[in-house]
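*Asks:* Give me a model of this one.
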Amino acid sequence: MSGDAGARPDRARVAVTGLGVKCPAGTGVEEVYAAVLAARSTAVLVPDLAEAGLSARIACLVPEFDLAPYLPRRELRQADRATRLLLCAAVDAVEDAGRAALGALPAARVGVQVGTGIGGLPTMEDNTVGHHAEPMAMPVHTVPRTMSNAAACRVAMRYGFRGACTTYATSCASGTTAIGEAARRIRHGELDAAVAGGVDAAVSRVVMGGFAKMRALSVRNDAPERASRPFDAERDGFVMGEGAAALVLERWDLAVARGARIHGEVAGYAANCDAFHIVAPHEDGAVAAECMRGALADAGLAPGDVGHVSAHGTSTVLNDRAEARAVARCFPAGPPPLTAVKGVTGHLIGGSGALEAVLGLLCAARGTVPRVANTRAAPDGDQVDVVTGAARRIAPGLPVLSNSFGFGGQNACVVLVPGPGAAAGSG
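*Replies:* Residues are numbered from 1 along each chain as shown. I've put the predicted structure just below:
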């Protein structure tokens, strides 16, 4: 399958040669994979949110790790939390791909593509509250710390990559959009390689308060570990998470020529818009289904070729219901097994699609579809095959369809096919 998917004479194939993750489930790819496979929720009560009197007081946070190998002290002062997390994930991905090999490519042929849904809003909130909204009291690094494009630019500056450096804001689809658009640039000859991924660090009073007022967040404050439950009959909202994931994408022939370990291939990508409501998905899932079919067509695959679906699966009533209907429309002959990692990590907003692409690729390579944490009885289960109870074994190496759906009706889907190096593991 991996030898044929995505192969067309009019465009280059796109290999995935590097992976990096900094998320609530861990700070290394294998650590995160193990946590997701074990369906271990990472949600905790956050004292600051409780002190603020918010109705939703739980979140999934990235565990502390040593920043010294990644960021010099000067850069630490200039970078906000989201930028730090994305840069660290990108460094891991570049090391996994082979820094020297990427450095040997012409700098103008290597780009950076990053997605974020919230950008620097939490930092602006901290500065405004901490300095009583006095404009001339703002720290000198306020602007570089709040720029939405700061994360992408920091990665480009770290390595001297001078190709297209672009930031995408398509709400919760931002990370998937960045991966798909990076693949497009490589396919059509604009770039030879790119670091692509997504990030958000939005566990702040204002952001959480805003989502809480919309009743989008779970209020299971007394049982945070059971709060995020995608597709479950008793789901009551999503749990905010933070984190970043990055992938190194390369022109396939160049990766093969240098003997790179190829984790897989970005074989298909599509994006569209419900054009329906600013925060609610179209309930019939028809436009989202079109996006899935578009990604499969771009990959040259039929629905029956897909081994499993890495769902957006937010744990909100409307989004999970719409996605279930979309999946049923896309797979009329019967949907493949479906998993959703947000039961473990919470919702990383702009970082979610990139994380789910990384994990979907690893799961597809190893032939294991993790059960959805906390999900027991799925009311939408008549339409989709939600994996519950225990992980599901499937044939290794089958393509995975990874979905992302965001506010504004922003839909983005990617199809990834494992490569010869995927099952061997990654840092």
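
*Asks:* and the host helix or strand of residue 355, how far from the chain's centre?
*Replies:* Under the criterion of DSSP states H and E, residue 355 resides in helix 352-366. Remark: helix 352-366 is offset 9 Å from the chain centroid, using C-alpha atoms, centre = their mean, to the nearest Å.

*Asks:* which of the residues in that helix are buried?
*Replies:* 352-366 (16 or more other C-beta atoms under 10 Å). C-beta: built from backbone N, CA, C; applies to glycine.

*Asks:* and what of stretch 100-107?
*Replies:* Counting neighbours by 16+ other C-beta under 10 Å, stretch 100-107 gives 101, 102, 105 as buried.

*Asks:* I'd like to know which of the residues you listed is nearest to residue 9.
*Replies:* residue 105 (23.5 Å; C-beta to C-beta).

*Asks:* circling back to that earlier point, looking at the buried residues of stretch 100-107, which one is closest to residue 201?
*Replies:* residue 102 (26.1 Å).

*Asks:* so which strand or helix has that closest one?
*Replies:* helix 99-103.

*Asks:* average pLDDT for that helix?
*Replies:* If you average the pLDDT over helix 99-103, you get 95.

*Asks:* Mind checking what helix or strand follows it in sequence?
*Replies:* According to DSSP H and E, the helix or strand after helix 99-103 is strand 110-115.

*Asks:* Could you identify the helix or strand that succeeds that next one?
*Replies:* Tracing the chain past strand 110-115, the next element assigned as helix or strand by DSSP H and E is helix 121-130.

*Asks:* Please report the distance of the residue nearest to residue 37 when sequence neighbours are not counted from residue 392.
*Replies:* Excluding the flanking residues, the one nearest residue 37 by C-beta to C-beta, 6 or more residues apart in numbering is residue 370, at 5.0 Å. Distance of residue 370 to residue 392, given as C-beta to C-beta, to the nearest Å: 8 Å.

*Asks:* now do residue 197
*Replies:* Distance, residue 197 to residue 392, by C-beta to C-beta: 27 Å.

*Asks:* which of those two has more neighbours?
*Replies:* Neighbour totals were compared for residue 197 and residue 392, and residue 197 leads with 37 against 19 (other C-beta atoms under 10 Å).

*Asks:* That one contacts residue 354, correct?
*Replies:* Yes: using C-beta atoms under 8 Å, residue 197 is in contact with residue 354, at 4.3 Å.

*Asks:* Spit out the residues that contact these two alike.
*Replies:* Taking C-beta atoms under 8 Å, 6 or more residues apart in numbering as the contact rule, residue 197 and residue 354 both touch 115, 175, 178, 179, 244, 245, 246, 247.

*Asks:* Of all the residues in the helix or strand harbouring the fourth one, which ones are buried?
*Replies:* Assigning secondary structure by DSSP H and E places residue 179 in helix 174-187. Neighbour counts over helix 174-187 (16+ other C-beta under 10 Å) mark 174-187 as buried.

*Asks:* With stretch 87-104 instead?
*Replies:* When neighbours are counted by 16+ other C-beta under 10 Å, the buried residues of stretch 87-104 are found to be 87-94, 96-98, 101-102.

*Asks:* Now do it: distance to the chain's middle.
*Replies:* 19 Å.

*Asks:* ok, now stretch 409-420?
*Replies:* With C-alpha atoms, centre = their mean, you get 11 Å for stretch 409-420.

*Asks:* rewinding a little: report all helices and strands that the following helix or strand past the helix holding residue 355 contacts.
*Replies:* For helix 352-366, the following helix or strand on the C-terminal side (DSSP H and E) is strand 368-369. If you count contacts as 3 or more C-beta pairs under 8 Å, 6 or more residues apart in numbering; DSSP states H and E, strand 368-369 packs onto strand 337-339, strand 392-393.

*Asks:* Need the winner for burial among these.
*Replies:* Greatest average neighbour count among those goes to strand 337-339 (a mean of 27), per mean count of other C-beta atoms under 10 Å.

*Asks:* so where's this protein uncertain?
*Replies:* 1-7, 133, 381, 421-427 (pLDDT under 70).

*Asks:* From the centre of it, give me the residue that's furthest out.
*Replies:* residue 136 (36.7 Å; C-alpha atoms, centre = their mean).

*Asks:* quick one: that one is in a helix?
*Replies:* Yes: membership of residue 136 in a helix is supported by DSSP: H, G, I helix; E, B strand; the rest coil.

*Asks:* Could you measure from it over to residue 121?
*Replies:* When distance is defined by C-beta to C-beta, residue 136 is 21 Å away from residue 121.

*Asks:* Next, count neighbours for residue 326.
*Replies:* The burial count assigned to residue 326 is 30, neighbours taken as other C-beta under 10 Å.

*Asks:* residues in contact with it?
*Replies:* So residue 326 contacts 285, 286, 288, 289, 292, 403 (C-beta under 8 Å, 6+ apart).

*Asks:* Give me the angle between the helix or strand harbouring residue 271 and helix 352-366.
*Replies:* When elements are assigned from DSSP H and E, residue 271 belongs to strand 264-273. Here strand 264-273 runs at an angle of 140 degrees relative to helix 352-366 (axes from the mean of the first three to the mean of the last three C-alpha atoms, to 10 degrees).
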